[in-house]
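Participant: Compute the structure for the input listed below.
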Amino acid sequence: MIAQLRVDDRLIHGQVALVWTKELDTPGIVVANDNAAENEMVQMTLKMATPTGKKLLIRSVDDAIKVFNNPKAGNMRIFALTNCVADALKIAKNVKDIDGINVANVGRFTKDADNATQISSTLMLSDDELAALKELVELDVPVFHQVVPSNAKTSIASMLKNI
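Facilitator: Okay, the predicted model is just below:
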């Protein structure tokens, strides 16, 4: 069961490693990212950023979906990370047991940031990512924006009404 699927273009970093893993109290982190699954340097960096005592799996998006749907993972609370809304949408369409999707930090570091739609100070989406986000909120899973646990959860659907 995915306790939270977080969309964060930095994947594992300080907020994730120190704050969210403690808040969600999950034994495992799954990074669902095609580039990370193929790039040994990225894998090494993610492993170094993972808190002691937490298990880390780095898989392509398709392989991560298989992990999430494996009956062995059914009783395990998993913190899942991906770095784009399109990948979160693919996961949400193919995995039924997700408590919530946190679209937290996306688009600030992309080459298209100048042409992106700014939804908040941490969400800047290309046209494709914005379309994926609109489709994501139509699914039967809570989709929200929450950078750190001390921030209130803000419904993505309500944020999109201003666009």
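Participant: Next, count neighbours for Asp62.
Facilitator: Close neighbours of Asp62, defined as other CB atoms under 10 Å, add up to 13. To be clear about C-beta, it is placed using only N, CA and C from the backbone, and glycine gets the same treatment.
Participant: residue ranges of the helices in the protein, please?
Facilitator: With helices called from DSSP state H, the chain shows them at 14, 21-24, 34-38, 40-49, 61-69, 85-94, 127-136, 156-160.
Participant: Scan the chain for its longest strand.
Facilitator: Using DSSP state E, we find that the single longest strand of the chain is strand 2-8.
Participant: in it, what counts as buried?
Facilitator: For strand 2-8, the neighbour count (16 or more other CB atoms under 10 Å) marks Ile2, Ala3, Gln4, Leu5, Arg6, Val7, Asp8 as buried.
Participant: out of everything not next to it in sequence, what's closest to Arg8?
Facilitator: Just so we're on the same page, residue 8 is Asp rather than Arg. Counting by CB to CB, 6 or more residues apart in numbering, Asn105 is the residue found nearest to Asp8 once chain neighbours are left out, at 4.6 Å.
Participant: quick one: the one you found and Asp9 touch, right?
Facilitator: Yes. Under the criterion of CB atoms under 8 Å, Asn105 makes contact with Asp9 at 5.8 Å.
Participant: Of those two, which one has the most company?
Facilitator: Neighbours per residue (other CB under 10 Å) separate Asn105 from Asp9, with Asn105 holding more: 24 against 17.
Participant: in the chain, which segments are predicted with low confidence?
Facilitator: Under the criterion pLDDT under 70, the flagged ranges of the chain are 109-114.
Participant: Just the closest of the buried residues of strand 2-8 to Ala88, please.
Facilitator: Nearest to Ala88 among the buried residues of strand 2-8, counting by CB to CB, is Val7 at 4.9 Å.
Participant: Am I right that that closest one is in contact with Ala104?
Facilitator: Yes. The pair Val7 / Ala104 is scored as a contact, 6.2 Å apart, by CB under 8 Å.
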